[in-house]
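Student: give me a 3D structure for the following:
(chains A and B, ligands or ions: 2)
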Amino acid sequence: MLEIKNLHVKLEEEDKVILKGVNLTVETGKVHAIMGPNGSGKSTLSYVLSGRDGYEVTDGSAVMDGEELLEMEPEERAAAGLFLAFQYPVEIPGVGNMTFLRTAVNAQRKARGEEEMSAGEFLKFVREKAKALKIDAEMLKRPVNVGFSGGEKKRNEILQMAVLEPKMCILDETDSGLDVDAMKLVADGVNALRSEGRSFLVITHYQRLLDHIVPDVVHIMADGRIVKTGGPELALEVEKNGYADLLAEVM
Amino acid sequence: MALAQAKRAATEARLEGLSLPASGAWLAQARGAALARLSEMGLPGRRDEYWRWTDPTTLAAAEAPAAALFDDGGERPAFDKIDRVTLVFVDGVFDAAASDDPAAAEVEITRLAEAGAQDIHWAKDLYGALEARGQAPVARPFAALNTAIATDGVLIRATGKAAKPVSLVYRHASETSDAILHHCVKLEEGAELTLLESGPGAARFSTVLEVEVGDGAAFHHIRTQGRDHERRVAAHLFARLGAESRFKTFTLTANGVLTRNETVVELTGDDSVAHIAGAAMGDGGFHHDDTVFITHDAERCESRQVFKKVLMNGAEGIFQGKILVKPGAQKTDGYQISQSLLLDERSQFLAKPELEIYADDVQCSHGSTSGAIDETALYYLRSRGVPERAAQALLVQAFLAQTIEEIEDEALSEDIRTRLEAWLARRLG
Ligand SMILES: Nc1ncnc2c1ncn2[C@@H]1O[C@H](COP(=O)(O)OP(=O)(O)OP(=O)(O)O)[C@@H](O)[C@H]1O
Ligand SMILES: [Mg+2]
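Tutor: Ligands and ions are numbered 1, 2, ... in the order given. Below you'll find the predicted structure:
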């Protein structure tokens, strides 16, 4: 599904190198988790994959289903099936959540040569998904993320994911800021989307989320590289002992 | 004070060859008084503080600069789905054949061109009267010029709720037309009227609208200023509000090389409300100036100014807005916001918000911002699959939404929203 090779990234404005040769392959239908200390480059990796400005790729590639992501515009990546649930979802005053969702879905459908959904059809579709995430009609009417609590913003990200039905989902610390019940809701939302054709890359600091969304593979990222890869037990090890021993071992 | 020689010469040049339109006694008197006001003030020049950011030269020139006619590509006209009484002016000349029967509005409507001969007592007290009051503390010479030489316009008086909106449609047919229209609206106690204005009007177009809103009356005004790129407009709106009255005006401007919209509102009755809003969108050779002066002269009144401009490819936006709270106008609630969204670095927005307050128990706020499109929001939208231009259009619409929310009537706000979206789709589609 996603094959990242030797990815080197620096900031466009300064000479600061953040990713120093990331190698990572996510197979179709699998859930991979990335853990790693603060500042190790996890969010940067997700931004670069989704096409955010401000970064310069100096080497390497990221191929999704045979297509080079790094050469595509952000909207093309989305239409190709990439989705990033942001660590810090953006507020957009004046744009209604529902309008935003419908515009996004129809833009992607159009880009893929599919028929657009009618307003009525769409409303029903979204309401169902929203209900499962306990997002009420009022929140759908409000401007995107404006005045949402931290947890509401994260649930709204998962709603977008559920509605857009991407094939490669990246979740950047979707669990942070969630209470226990909301975490369960979000995990259920993700699990409901797990399927043979869909892959996940879950960035998190906590084993807790991985109790609900059980990963197939766990990677540890440090200083801009994937330094260790293993099974779910790797996450348990981090939870128990922190990163010190792990990093001492690989460095 | 003696007028500077240059100013006097410019004013005389403008008036050269013009004579006051033939009118009956009362109107001739009002026109003569306006002409005297004008002679005293002189037409504005570049040095006038009030015209610091907008060059009045082409508005003051003896001849109107030519303006090419605009091919709107068969775009549907403004307000075409609204059930209204349409009165059409072509280059400032009334077109009876293209107009509806005014009687259908169920209010008194008289053409200015025919009013002079009649003794319309209410118009006598209004024509040029609010304009004259509006000349202090800041002179508005183009309005006085208009009062003196306007060739036509409508005089509307309502005693109850009008059956339909009155819609003034201004067509532009000649590339060198120079039109001057003057309208008066008198709303008696409890009356209600919606006035619509649309179209470019002429190559150079001057309008004055004087509105007297009686106690408990309500006036709604929606205006779209036409899309002819080279047209020039100086529009003045003078209003005086009685107790518990409501006054709401909204203007959508798209294109136009020069627009100066002056709005002068006096809240003279307690508990009255005035909302003044405008959305302007300019691409390239576009200079748009909103100049507003609100005077609070009664208790517990509310005034609200909401102006937003979207500027691209070197377009210029100006906002000069003042709230004056007179002694004794306690519990005044005054709000003013002016903002611009600059889609590139060549475009610019200049704003001069002013508050002058002589009462102690008031609440007034003002704010002005100017900025580029929010890159983070743009990226967020794009990351969800919305193409860049469509994402920009969505953010521009979001930016202007607050102004359109000022329009109470759903059908009218929908009409405006559709026009705005179409304009954006052509630019950012
Ligand atoms: N735009 C930027 N300007 C300056 N420094 C940046 C920028 N973007 C990222 N960095 C730096 O790059 C490093 C990696 O940041 P990144 O956000 O990717 O870390 P992270 O692994 O997601 O951390 P966390 O676990 O705290 O979310 C950090 O040192 C960060 O300060
Ligand atoms: Mg991060």
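Student: from now on I want contacts and neighbour counts done on CA atoms only, so please keep to that.
Tutor: Will do.
Student: look up phi and psi at residue A:191.
Tutor: phi -60, psi -30 (degrees, to the nearest 10).
Student: identify the residues contacting residue B:273.
Tutor: Taking C-alpha atoms under 8 Å, 6 or more residues apart in numbering or on different chains, we find residue B:273 in contact with B:244-247, B:267, B:301-303.
Student: right, I mislabeled it, should have said residue B:317
Tutor: Contact analysis of residue B:317 by C-alpha under 8 Å, 6+ apart lists B:287-289, B:309, B:311, B:340, B:348-350.
Student: most neighbours of all the contacts of residue B:273, which one?
Tutor: With neighbours taken as other C-alpha atoms under 10 Å in any protein chain shown, the top of the contacts of residue B:273 is residue B:267, carrying 30 neighbours.
Student: pLDDT score for it?
Tutor: Per-residue confidence (pLDDT) for residue B:267: 98.
Student: that one against residue B:242, yeah?
Tutor: Yes: using C-alpha atoms under 8 Å, residue B:267 is in contact with residue B:242, at 6.9 Å.
Student: out of the contacts of residue B:273, who's nearest residue A:88?
Tutor: residue B:303 (38.0 Å; C-alpha to C-alpha).
Student: name every strand pairing with the helix or strand encompassing the closest one and say which way it goes.
Tutor: In this structure, residue B:303 sits in strand B:302-312 according to DSSP states H and E. Sheet pairing here is set by DSSP bridges, and for strand B:302-312 it gives strand B:273-283 (parallel), strand B:333-342 (parallel).
Student: pLDDT of it, averaged?
Tutor: Averaged over strand B:302-312, pLDDT sits at 97.
Student: adjacent strands (with direction) for whichever helix or strand comes after that strand?
Tutor: Using DSSP H and E, the next helix or strand after strand B:302-312 towards the C-terminus is strand B:316-325. The pairing partners recorded for strand B:316-325 under DSSP bridges are strand B:287-296 (parallel), strand B:348-357 (parallel).
Student: leaving out sequence neighbours, find the closest residue to whichever residue of the stretch 51-200 of chain A sits closest to ligand 1.
Tutor: Of all residues in the stretch 51-200 of chain A, residue A:54 sits closest to ligand 1, at 6.7 Å by C-alpha to the nearest ligand atom. Excluding its sequence neighbours, the residue lying closest to residue A:54 (C-alpha to C-alpha, 6 or more residues apart in numbering or on different chains) is residue A:12, at 5.1 Å.
Student: contacting residues around the closest residue to chain A within the stretch 51-200 of chain B?
Tutor: Chain A sits closest to residue B:81 of the stretch 51-200 of chain B, with a gap of 22.4 Å, by C-alpha to the nearest C-alpha. Neighbouring residues of residue B:81 by C-alpha under 8 Å, 6+ apart: residue B:415.
Student: look up the pLDDT of it for me, please.
Tutor: The predicted local confidence for residue B:81 is 95.
Student: give me the element it is part of.
Tutor: Counting by DSSP H and E, residue B:81 is part of no helix or strand.
Student: state the distance from it to residue B:411.
Tutor: Noted for residue B:81: a distance of 8 Å to residue B:411, by C-alpha to C-alpha, to the nearest Å.
Student: same check, this time on residue B:200
Tutor: For residue B:200, the distance to residue B:411 (C-alpha to C-alpha) stands at 22 Å.
Student: more crowded one of these two?
Tutor: Using other C-alpha under 10 Å, the more surrounded residue of residue B:200 and residue B:411 is residue B:200, with 29 against 13.
Student: isn't the more buried one right up against residue B:227?
Tutor: Yes: Residue B:200 lies in contact with residue B:227 (C-alpha under 8 Å); the separation is 6.5 Å.
Student: all strands for the stretch 51-200 of chain A, in order.
Tutor: Using DSSP state E, counting those that start in this stretch, the strands of the stretch 51-200 of chain A run over A:55-64, A:67-68, A:82-85, A:92-96, A:143-144, A:168-172, A:199-203.
Student: from the chain's centroid, how far away is whichever helix or strand comes after the last one?
Tutor: In other words, strand A:199-203. Per DSSP H and E, the first helix or strand lying C-terminal to strand A:199-203 is helix A:207-212. Distance of helix A:207-212 from the chain centroid (C-alpha atoms, centre = their mean, to the nearest Å) equals 16 Å.
Student: what's the helix or strand that helix A:207-212 is followed by packed up against?
Tutor: Using DSSP H and E, the helix or strand that directly follows helix A:207-212 along the chain is strand A:217-222. Helices and strands touching strand A:217-222, as assessed by 3 or more C-alpha pairs under 8 Å, 6 or more residues apart in numbering or on different chains; DSSP states H and E, comprise strand A:31-35, strand A:225-230.
Student: break chain B into its domains for me.
Tutor: What automatic domain parsing lists as the domains of chain B is B:2-269, B:373-429.
Student: how's chain A carved up into domains?
Tutor: If you go by automatic domain parsing, the domain ranges for chain A are A:1-81+A:167-179+A:196-251, A:91-165.
Student: who does the strand or helix carrying residue A:23 pair with, and is each partner parallel or antiparallel?
Tutor: Per DSSP H and E, residue A:23 falls inside strand A:17-26. Strand A:17-26 has these partner strands in its sheet, going by DSSP bridges: strand A:2-11 (antiparallel).
Student: between the strand it pairs with and strand A:199-203, how many degrees?
Tutor: Per axes from the mean of the first three to the mean of the last three C-alpha atoms, to 10 degrees, the angle that strand A:2-11 makes with strand A:199-203 is 40 degrees.
Student: and stretch B:352-370, how far from the chain's centre?
Tutor: The chain centroid and the centroid of stretch B:352-370 are separated by 22 Å under C-alpha atoms, centre = their mean.
Student: is any part of stretch A:75-89 close to chain B?
Tutor: Yes: against chain B, stretch A:75-89 shows contacts by C-alpha under 8 Å from any C-alpha of the partner chain at A:75-79, A:83-84.
Student: other residues contacting that stretch?
Tutor: In contact with stretch A:75-89 (C-alpha under 8 Å, 6+ apart) are residues A:43, A:46, A:50-51, A:69, A:108-109, A:111-112, A:145, A:153-154, A:157-158, A:161, A:165-174, B:382-388.
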